[in-house]
Every structure is written in structure tokens, then in C-alpha cells.
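# any chance you could fold what I've pasted below:
(chains A and B)
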Amino acid sequence: MFEIRFHGRGGQGAVTGANIFAIAASYDGYKSQAFPFFGVERRGAPVTAYARISEGPIEIRSFIYNPDAVVVLDPSLLDAVNVLEGLKENGYVLINTTKKPDELGISGYRLATVDASAIAVRHGLGTPQAPIVNTAILGALVRFVDMVKLESLLRAIREHAPAKKEENAKAAEEAYGEVRIW
Amino acid sequence: MVVMTLEGNEAAAWGARLARPDVIAAYPITPSTHIPERLSEWIADGIMDSEMILTESEHSALSACVGASATGARVFTATASQGLALMHEILHIASGMRLPIVMAIGNRALSAPINIWCDHQDMMSQRDTGWMQFFAESNQEALDLILIAYKVAEDRRVLLPAMVGLDAFTLTHTFEQVDVPEQEEVDRYLPKYRPVHAFLDPERPITQGPLGTPQHYMEFKYAQYEAMNRAKGVIVEAMEEFGRAFGREYAPLVPFSPGGEIVLVTMGSMSGTARVFVRGARQEGESVSHVKVVAFRPFYHSKLAELLAGAKVVAVVERAFSYGSVGPLAQDVAYAMHRYGIKAKLANFIVGLGGRDVTLRDFSEVLETSKRILKGEEDPGVFWLNVAKEEVLKAEEVIWNA
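Predicted coordinates:
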């Protein structure tokens, strides 16, 4: 069982991202589960979504308290919430940022960064002020955590992205190439 | 059969779609809104051939369902929480008129305080309305139980409405893999509804839902009592036939890792978490078992007693309460134990109200408390888990001292 927690802000697509990741994982033969923590939904408010993937059936239904990976869609969340809370030792941390590890002050975990905002903007996803980064960050995630194939992710995006399917697929592909694994 | 990754609402919508209802009447409410939404899309796209009636309230939605079902149509609706509460008086009318309506419920807490998240109080508050009640553990079960519910509801030995509960967000908004059966397979399992008692035919005019005077009322109610008793057998038949047709096994009560001194009893989505807990606890040498209740109405008292034979503590873990008494599930378990001579102690654990997460740690506390009860170190009774009791006390002191 591999468990992921996504941190985003309302409007960035964290919930849809977790869902698309679960669909992509199913194409590679995994069982998967994706679910949001629905607070009071407001654009810009912190949002948490979860995904589990497993080779066998997934029976557990509680939230994820000790994730194997955390994915941060908005770098400003690093000052607002403890995104590392409960993260397993040597767990994966993927952040949408242009900063370097020493600037982020994160150590003791496997770290990767990608400028998902710039990639999303280049592909016309959202606006420069509020880019929709979920598909770009998923492209980086499947490279960083080598479980789900890029092809499966692209298929899931093309089939299930709510809009701009091809642009979203291109953004994911680009982030797959650009992610920096430190 | 096609495997899709679907949220619970969409799985429930698939269940409804495959049942080919003639009429759907609905009013949207969180967390079940996506069910009528998706059905509306399918109807608009010409994929489904159903009449969709969008009403101005849930009271009207179920009223429309009653009217449609009384003409002999197959009818579906979905709601949750306050919406189900608003349907209350019509629920009795649907069951009293013996209309085999099937309804999906996104199990959600009731106000106040206002809360959109999961518990079972909405369906428990409608326990005595004469509807059959099923609780799904997974999105697959949500889809499958809707088909099973129609099969039983429309059976001439039963003719009662049924509700299928799927937990708010934990299922309604969770994506996971669902085997979606082929339409032809479902058509074989669930042929077209042939009404025998409630229909609209100008050549054969009938009166439905008339006055029932003291001379007749009780016979109508006794007929409902008998029908619900017969439903126990029909549900088992329908589940077995479902297993043969689709390869997925169902039962009204599902035991796991039997033979333990302590038996956990749960309903709905927390049942999966309970099994994960029991598996782990067994590996650590704990004597603990689990029973999942799928059919709450009718309740299988004698079968449950069989599954509890040899238990020393029965721990009923539930997401609803009857204030001034004990939890509704515990009430039925207590009756089953008393009626069929199960001598175990009964403890009632209240968890997960208003969407509070139900975790492995909660089940660990259930087990530890049950072990103390077993050793005689603690009296059995009602235990509210994972509650900040000191906060409640502080607030009450403010009121008392005012």
C-alpha cells in the first residue's frame, strides 16, 4: 500500500488530481482509492486530498495519517500548514516551487521540485495569477515515485480531465521531463 | 462487465441506470447531488429512457415517486440527511401502499449544528417507516445493493420500498474500482417490473391509499409485518442469485475471522477498517472477530445470534444514537442476544458522528475497553469514543454558572 496526501488551495485541482492519479494507477493494474477532505469549499482555502494505491484490495477507509508521499501544489502552503505532518521516514516530498532544497529548509526526506505553475501557464491552464497545476504536478509525481507509468497518467488525463485535455496531457509530460529530484 | 474507477455517487447512479427506472424524481442535496445530476445527464444524452421529475423539495420528490410507483412504474430517487427527514411522512405512505420504490441515501449527519459529513442518523431516524434498509461498505456494494434492492422490493412476496445507504464522502465522493455489469446481464437478473397490486389501467380501475378505519387498519399493518418477515428469505435468495449471476457474494450479515471472544459489529464503510484492524489484532494473538451488518431492516436476529455464539463481549460500534437510550444497532443486537440466549456482555461504542474519522485507533480503543469488560474491570454500557469530553464539560460549566 502506498499512500499520498495532496495539499492545494481551492481551485488548483488537488481533488481532481488525486482522482486522476487513482484512475491512472488502475490502468497499471493497481487497486486505488482517492478521496477529498471536504472542508467548507472556498476558492483559495487550503484543500487536502488523498490517494491510496495497492496491489491488493484496499479495505481501510480512514484518512491518511502517515503518508508515504506528500504533494504540495501551492508553495505558499509551506508557511500555512505543516505539510510534512506524519510523513513516513524517508518519505517523498514533491513541491511546486522554483526554490532549491536549502531555501526550502526540508531535510530527512526524498525531495523533488518542479515549477508546475510556469508549466501550467505555458499550456494555458488557469491564469498566471491562479494556474491549475494538478496535471503538471502529477507528471512530476509519476517520475518521482516510480509506480504509475507516464502513459497511464496521460491516458487518464485525456479521458478524465474536465477541460483542455490535450493541454493538460502536455503539461504532465513536460513536468515529467522537468522535475528535479534532489 | 467493465471495471471503472468511480466515486460512490456515480456507482449508485450506475446501479439506478442499469435497473432502467421508468421515473426518477429528485431534489439535490449534499452529498448525494451527483446521483440525480449524473442520471439527468444520461437522460439528456439519450442514454437512459427515464422520465426525470425535478421537484421543489424532497417531500415533493418522494410524493412524485409514490404517484409514479402507484401507476406501476419502476421508480428511483436519491437524497440524504435533511432531505430524507423532510420525506418522513411520505416514507410511511410509500411502505403502507406497498410501493417498491428504491432510494439511495448519502448517509449524512442531521442539523443542528449543521453538518454535511457522514453518520447514520438520517437512516436510523427512518428506521420504523417500513422501508427495507441496506448499508453499503464500498462503491461496488452501493451499485450492487441497488439492483438487489429492486429484486427484493418488487418480489410479490415482499412489495416494500428499500433504501440503500452509502456513507457521505467516505463513499459518495471517494473514487475506487467498480465492476459495472453489462446491461444484458442486469436485464436477466432484474426483468421489467410487472405490477400486480398498484397500477393505472382505465379498464381495471382500482383505489389506492384509501381510509383505513379501526376495522381494517391493523390488518394492513400486520400485512406489512408479515411482508418484512418474508423479505428475510427473499433477500437471501436475491443475494444468492446475484452471486451466481455476477460472481460477487452478498449476505445480510457477513462474519469475518469468526470464533473470537470479542466480536465487533459494524455497518457501512467503517466495516473495511474494522476488518483491517481485526486481521492485525489476530496476528498479535487477540481473540477478536467481526460481523458486518448489510441488512438493517429487516434485521436478522436469529442469524446474528448464530454468529455471536461463543462470544464473551459483543462490541457494537455505530455512527448513530438514540438519545436517552442506546444506539439503534445495539438495540437490535441486544434483542437478538436476549431472544436467542447469547450470554455475552454487550457494549455500545459511538463513533464517527458528523464525519469524525473512524480509525484503526478507534477500534484499538474498542478492543482495549472490551478486554477490560471481559475481565470485569469495567462495566459494559455506552462509550463515546474520540470526543473532547473536557471541552463539553467546560462549556456546560459556563451555562450552569450563568
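# can you read off the pLDDT for A:Glu41?
With respect to pLDDT, A:Glu41 scores 63.
# one more: B:Asp22?
98.
# how about the one 4 residues further on?
In this prediction, B:Ala26 carries a pLDDT score of 97.
# now the strands for chain A?
A:2-9, A:31-37, A:46-54, A:69-72, A:92-96, A:110-114, A:180-181 (DSSP state E).
# starting at the chain centroid, how far to the helix or strand of chain A with the lowest mean pLDDT?
One helix or strand of chain A scores below all others by mean pLDDT, DSSP states H and E: helix A:101-104, with a mean of 92. Taking CA atoms, centre = their mean, to the nearest Å, the mean C-alpha location of helix A:101-104 is offset from the chain mean by 20 Å.
# in that helix, what's buried?
A:101, A:104 (16 or more other CB atoms under 10 Å in any protein chain shown). Yep, even glycine has a C-beta here, placed from its N, CA and C like the rest.
# who's in contact with that helix?
A:78, A:95, A:97, A:107, A:111, A:113, A:182 (CB atoms under 8 Å, 6 or more residues apart in numbering or on different chains).
# let's see 7 Å
A:95, A:97, A:111, A:182 (CB atoms under 7 Å, 6 or more residues apart in numbering or on different chains).
# count of neighbours near the nearest residue to the first one once chain neighbours are set aside?
The shortest distance from A:Ile95 to any residue other than its chain neighbours is 4.5 Å, reached at A:Val72 (CB to CB, 6 or more residues apart in numbering or on different chains). Residues contacting A:Val72 under the criterion other CB atoms under 10 Å in any protein chain shown number 25.
# quick one: A:Val72 and B:Gly327, what's the gap?
40 Å (CB to CB, to the nearest Å).
# do the same with B:Pro21
Here B:Pro21 is placed at a distance of 33 Å from B:Gly327 (CB to CB).
# the more surrounded of these two?
Using other CB under 10 Å as the criterion, B:Pro21 and B:Gly327 rank with B:Pro21 on top: 26 against 22.
# so what's the more buried one closest to, chain neighbours aside?
Using CB to CB, 6+ apart, the nearest residue to B:Pro21 is B:Phe76, at 4.1 Å.
# cool, B:Ile235 as well?
Per CB to CB, 6+ apart, closest to B:Ile235 is B:Val152, 5.2 Å.
# SS state for the one you found?
helix (DSSP: H, G, I helix; E, B strand; the rest coil).
# please apply the same query to B:Val358.
B:Val358 is classified as coil under three-state DSSP.
# neighbours of B:Asn386, how many?
16.
# before we move on, what SS does it have?
Going by three-state DSSP: B:Asn386 is coil.
# what residues are up against it?
B:Asn386 neighbours (CB under 7 Å, 6+ apart): B:351, B:356, B:362.
# dihedrals phi and psi, it?
Dihedral angles of B:Asn386 (phi, psi; degrees, to the nearest 10) stand at phi 60, psi 40.
# which parts of the lengthiest helix in chain B are buried?
With secondary structure taken from DSSP state H, chain B has its longest helix at helix B:217-246. Burial within helix B:217-246, assessed by neighbour count using 16+ other CB under 10 Å, is assigned to B:227-228, B:230-232, B:234-236, B:238-239, B:242, B:246.
# nearest to A:Leu153, of these?
For those, the minimum distance to A:Leu153 (CB to CB) is 30.7 Å, reached by B:Phe246.
# so who does the nearest residue to that closest one once chain neighbours are set aside touch?
Closest residue to B:Phe246 apart from its sequence neighbours, by CB to CB, 6+ apart: B:Pro181 at 5.7 Å. With contacts defined as CB under 7 Å, 6+ apart, B:Pro181 is in contact with B:1, B:18, B:246.
# show the pLDDT at B:Pro181.
At B:Pro181, pLDDT is 98.
# next one: it from B:Leu147, what distance?
Distance, B:Pro181 to B:Leu147, by CB to CB: 8 Å.
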